[in-house]
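[1] The sequence isn't on hand, but the structure is:
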């Protein structure tokens, strides 16, 4: 599966594979290491999802009380900024 093509002065490269071989190898990898992959996904995805929910919920539910006691709902720009912050956090978590 990993015939090496030697290059002078460089490291050996694996032979080119077709799409079917790449998919087959990927699924074999997933079958062999599914527990590890689930654990990694849980460590990365679950905390971020909870953070995203709590931040979004807090921003949507929190209102501002006016001087006469009327509670004004959260403005749409606050919800938009919270979504943007959450999306940026998601990009950072994805890179990690």
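    That came through fine. Quick caveat, the model's predicted, so the values are computed rather than measured.

[2] gap between residue 45 and residue 52?
    Note on residue 45: its distance to residue 52, by CB to CB, to the nearest Å, is 10 Å. From N, CA and C alone the C-beta is placed, and that goes for glycine too.

[3] oh, I was asking about residue 34
    25 Å.

[4] between those two, who's got more neighbours?
    residue 52 (18 against 10; other CB atoms under 10 Å).

[5] could you list every residue that touches the more buried one?
    The neighbours of residue 52, taking CB atoms under 8 Å, 6 or more residues apart in numbering as the test, are 86, 89-90.

[6] Redo those as a markdown table? Include neighbour count.
    Shown next, in a markdown table, are the contacts of residue 52 (neighbours: other CB atoms under 10 Å):
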| residue | neighbour count |
| --- | --- |
| 86 | 17 |
| 89 | 14 |
| 90 | 15 |
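
[7] Just the residues you listed: which are in strands?
    Among those, no residue falls in strands (DSSP state E).

[8] Which single one of those residues is nearest to residue 13?
    residue 90 (34.1 Å; CB to CB).

[9] In this structure, where is pLDDT below threshold?
    Residue ranges of the chain with pLDDT under 70: 1-11, 59-76, 93, 96.
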